[in-house]
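Novice: Coordinates only, no sequence provided:
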């Protein structure tokens, strides 16, 4: 399972990488790019793979020697992305802190082609063998332990899955999709797409990926439909979880929270009716609390106040300053200076 974010082929911070690393990303065609450790010096391969590709995950253990090999082909469609990933043995994990900080919320449906592996998410722990389909929800913590393996996958924006599965989309992560019918069709289509992808025209690639996305969404909806409905009281719990995980996204709003949870806005507002603050206020509170924690890390955290406000989901620095002062009785700069003085005294 490769874990690079699906919203952009480019790294968030290319300047932080060693010179020449960008050349290891090969643009094969419009919307198709390949990452390969083969042209990287052996001693740099793991760092390259970790920082340039595995941005959704942290490496917990690596059993291969210094000649670590991995390759990822990513191809964009109109409604999803197709990934073809080969790697030496590696163990990775995605913790709650990273889920809350990087905004990753895609749904990943993978098909293991070769190499036994294990994936754990949402209390599900599955040993996987070639031919198994499974789901990972990048908005939730996950662990994966891979032998030398090859895997292909379709990666789908959460909004598309949530629109079909409702709030039960939150239960999909960690499930193995070993059922007849749609799962067999999807597995066959993914395998054939992997064999033909490099030879297809751009129109053919988009059509193949869109078909895989539609099959995967239909399969996920059927799995969600079989799940037991969450009690109505869980709308609040689910909404708070979405806010905790995605408040750094400046686009997050009550309407987007409702879509992610799978409820109407009126249901969402009713769930918050008995709470101390509204859903909109809960979003702003999460952003302010995150900014306060980041400011308290100064001077160890070398970010400007403007950078911190942007990283916490604030588009307007003046609004951030005003809201911060109203809540904490001091400006963000005052908070940073106070944290710095405490560090000096200590």
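Specialist: Ah, there it is. On a predicted model such as this, the values are computed, not experimentally measured, just so you know.
Novice: what's stretch 113-127 in contact with?
Specialist: Residues lying outside stretch 113-127 but in contact with it, judged by Cβ atoms under 8 Å, 6 or more residues apart in numbering, are 1, 128-130, 132, 134, 136-137, 140-152, 171, 173-176, 191, 194. Placement of C-beta: from N, CA and C, glycine included.
Novice: Go through these and flag which are in helices.
Specialist: Taking DSSP state H as the definition of helices, the contacts of stretch 113-127 contribute 191, 194.
Novice: List buried residues within the contacts of stretch 113-127.
Specialist: The neighbour-count test (16 or more other Cβ atoms under 10 Å) applied to those identifies 1, 128, 132, 134, 136-137, 140-146, 148-152, 171, 173-175, 194 as buried.
Novice: now, which of those residues lie within strands?
Specialist: With strands taken from DSSP state E, the overlap with those comprises 128, 134, 136-137, 142-146, 149-152.
Novice: export the residues you listed to a markdown table and tack on distance to residue 258?
Specialist: Compiled in a markdown table, those are given as follows (distance: Cβ to Cβ, whole Å):
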| residue | distance to residue 258 |
| --- | --- |
| 128 | 34 |
| 134 | 28 |
| 136 | 24 |
| 137 | 18 |
| 142 | 25 |
| 143 | 30 |
| 144 | 31 |
| 145 | 36 |
| 146 | 36 |
| 149 | 38 |
| 150 | 39 |
| 151 | 33 |
| 152 | 33 |
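Novice: With residue 287 as the reference, measure out to the nearest residue to residue 325 once chain neighbours are set aside.
Specialist: Spatial nearest neighbour of residue 325, excluding adjacent residues (Cβ to Cβ, 6 or more residues apart in numbering): residue 331 at 5.4 Å. As judged by Cβ to Cβ, to the nearest Å, residue 331 and residue 287 stand 16 Å apart.
Novice: Same drill for those two, tell me which one is more crowded.
Specialist: When residue 331 and residue 287 are compared on other Cβ atoms under 10 Å, the one with more neighbours turns out to be residue 287, at 24 against 15.
Novice: Now do the phi/psi pair for residue 93.
Specialist: phi -150, psi 160 (degrees, to the nearest 10).
Novice: what sits against it?
Specialist: 57-58, 60, 141-144.
Novice: about what we covered before: got CSV for the ones in strands among the buried ones among the contacts of stretch 113-127, with pLDDT and distance to residue 43 too?
Specialist: Written out in CSV, the entries for these read as follows (pLDDT from 0 to 100; distance: Cβ to Cβ, whole Å):
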residue, pLDDT, distance to residue 43
128, 90, 31
134, 96, 33
136, 94, 30
137, 92, 34
142, 92, 29
143, 92, 27
144, 93, 25
145, 92, 24
146, 88, 22
149, 92, 23
150, 94, 25
151, 96, 26
152, 96, 29
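Novice: got any ranges where the chain has weak pLDDT?
Specialist: For the chain, residues meeting the criterion pLDDT under 70 lie at 1-24, 61-66, 167, 227-233, 298-302, 340-346.
Novice: Could you look up the SS state of the residue nearest in space to the middle of the chain?
Specialist: For the chain, the residue nearest the mean C-alpha position is residue 104 (2.6 Å; Cα atoms, centre = their mean). Secondary structure of residue 104, reduced to three states by DSSP: H, G, I helix; E, B strand; the rest coil: coil.
Novice: cool, and residue 235?
Specialist: Residue 235 carries the three-state label helix when classified by three-state DSSP.
Novice: Give me the longest helix you can find in the chain.
Specialist: helix 202-226.
Novice: buried sites along it?
Specialist: Buried residues in helix 202-226, counting neighbours by 16+ other Cβ under 10 Å, are found at 205-206, 208-209, 211-217, 219-224.
Novice: swap in stretch 303-312?
Specialist: Across stretch 303-312, burial judged by 16+ other Cβ under 10 Å covers 305, 308-310, 312.
Novice: Off-centre distance for it?
Specialist: On the basis of Cα atoms, centre = their mean, to the nearest Å, the separation between the geometric centre of stretch 303-312 and that of its chain is 21 Å.
Novice: Repeat that for stretch 268-284.
Specialist: Using Cα atoms, centre = their mean, we find the averaged C-alpha position of stretch 268-284 to lie 25 Å away from the chain's own average C-alpha position.
Novice: Check stretch 189-198 too.
Specialist: The offset between the C-alpha centroid of stretch 189-198 and the centroid of the whole chain comes to 24 Å, using Cα atoms, centre = their mean.
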